[in-house]
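S.K.: Fold the stuff below for me.
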Amino acid sequence: MTKKLASALFLLLLNSRVALAQPDAPATTTVKTKTYDQDGKTMTERTLTTVVKEEAAKPPKPSEYTVAIFVANRAGKVGDSELGALEDYITARVTGLNVHVISGETALNAVASMAPGAKENALDAQLAQSTSAVRLAQTLSATHLLQVTLSGFDSNKKLIDAYGVKTTNDERTVRVTYKILDGTTGGSLAADTVRVSKTYQQAEGMSEERSSVLNDLLDEAAEKVAASLKRQIDRGRITTSAAQGLVTITLTTELTDVFVPDVRIGPENTVNISESKFKVSALAATVEIDGIAVGTAPGQLEVKAGLHKLRVVREGFKPWERTVNFTNGQKLNVGLEMSEAGYARWTEATAFMNELKNGAKLTDARVKELEGRAKMFENSGYKVNSSQGVKTLVGGLHSLFDF
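M.R.: A predicted model of the protein is given here:
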């Protein structure tokens, strides 16, 4: 074997060892050669330097999901220990999807605080109503609620007698249903049912531990639930609207049971009172959210998504209060009811319209006076919601004589 061939084999062997030691890491190999004479012989030294570049492991992406888990039993005689085991299995599997999980005990304590003294079906009642579900999610600071139900646990036994040996094939089946709710809207985003079956063969007179069998089935069912949930996440079905922060809503105001007549003045100062009536909006009403003034209505406001206490107040009106689940693009019409003092001022401000008679012809001075009173009405913070293009005495001050 020549020296050149031996050197080539040596380099090949070293490169193979490097490749085996670092199968996934990119490597750069440098060979330095030095030749010199020793004892009348030409000697060659080769120095092999291998540089392996390893990428630093990227930190896991922060989870955008915080899920509160609720586990319920509709499978009949299943003990609390087995139900607790299902919750543990689900929690472990879902946490593996990079999801923050709120324990069932914490979630149920939140349900109890919202519905003290409620019966056993309090959980179903809270999750069935979108408003209650949103309140529950906000109480827990959860983006989603995961409701897991053990919906079935069945046993199907078949006796087999073969060659004088009697055995029993016992097919055990577990069905688990899950539903995930949006913590901002309370709506159902995704749902699925998984089924796990296993057959246990038992000799006559022997029996398998029921709890052990059920736990095995529940563990596998939890794995299937997590796999189904991951598919929903990958498909973009599990949205996080709560993480979107602010949403835009539109508020309009309307006076309850208060209208103004359609009064028009013709080119010859003739009064025309139609049977039509128009609703009136109150301008510059103060909007409070969770006790803090954030703007005025009518108009658009940017608010935090989710369930909040909305209050609209204006002098001369009774406060309007509701608990509202804010979503982007939402439109709300607030009906304001006048107080006694407010109604008295309203009657005084609109008295000039009651003095008019249909068909009456007015002097120029009278028309100017009415125009001034209508202007005062408009400046008092009211807007007449007349049809588009219709000019009324109080709704079209700049075109009183233009029909």
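S.K.: Let me see the residues that make contact with stretch 125-142.
M.R.: The contact list for stretch 125-142 (Cβ atoms under 8 Å, 6 or more residues apart in numbering) reads 66-68, 70, 102, 106-107, 110-111, 113-115, 118, 143-145, 147, 181, 183-187, 242, 306-307, 323, 325. No exception for glycine: its C-beta is placed from N, CA and C like everyone else's.
S.K.: which among these end up buried?
M.R.: 66-68, 70, 102, 107, 110-111, 143-145, 147, 181, 183-186, 242, 306-307, 325 (16 or more other Cβ atoms under 10 Å).
S.K.: Next step: the residues you listed restricted to strands.
M.R.: The strands, defined by DSSP state E, take in 66-68, 70, 102, 144-145, 147, 181, 306-307, 325 from the buried ones among the contacts of stretch 125-142.
S.K.: For Ala293, see how far away Arg311 is.
M.R.: Distance, Arg311 to Ala293, by Cβ to Cβ, to the nearest Å: 9 Å.
S.K.: Share the number of residues neighbouring Ala293, please.
M.R.: Using other Cβ atoms under 10 Å, Ala293 has 11 other residues around it.
S.K.: now do Ala72
M.R.: As a burial measure, Ala72 scores 19 neighbours (other Cβ under 10 Å).
S.K.: so what's it bridging to?
M.R.: Counting by DSSP bridges, Ala72 forms beta bridges with Thr149.
S.K.: how close does it get to Asp124?
M.R.: Per Cβ to Cβ, Ala72 is found 7 Å from Asp124.
S.K.: try Lys383
M.R.: Distance from Lys383 to Asp124, counting by Cβ to Cβ: 46 Å.
S.K.: Now do the buried residues in stretch 255-272.
M.R.: Within stretch 255-272, the residues scored as buried using 16+ other Cβ under 10 Å are 255, 258, 260-265, 269, 271.
S.K.: Equivalent analysis for stretch 308-315, please.
M.R.: 308, 310-312, 314.
S.K.: between the helix or strand that contains Asn215 and strand 66-73, what angle do the directions make?
M.R.: Per DSSP states H and E, Asn215 falls inside helix 210-234. Counting by axes from the mean of the first three to the mean of the last three Cα atoms, to 10 degrees, helix 210-234 lies at 140 degrees to strand 66-73.
S.K.: Helix 210-234: what's the following helix or strand?
M.R.: For helix 210-234, the following helix or strand on the C-terminal side (DSSP H and E) is strand 246-255.
S.K.: Work out the gap between the helix or strand just after that next one and the centre of the chain.
M.R.: Next along the chain after strand 246-255, taking DSSP H and E as the criterion, comes strand 259-265. Distance, stretch centre to chain centre, for strand 259-265: 46 Å (Cα atoms, centre = their mean, to the nearest Å).
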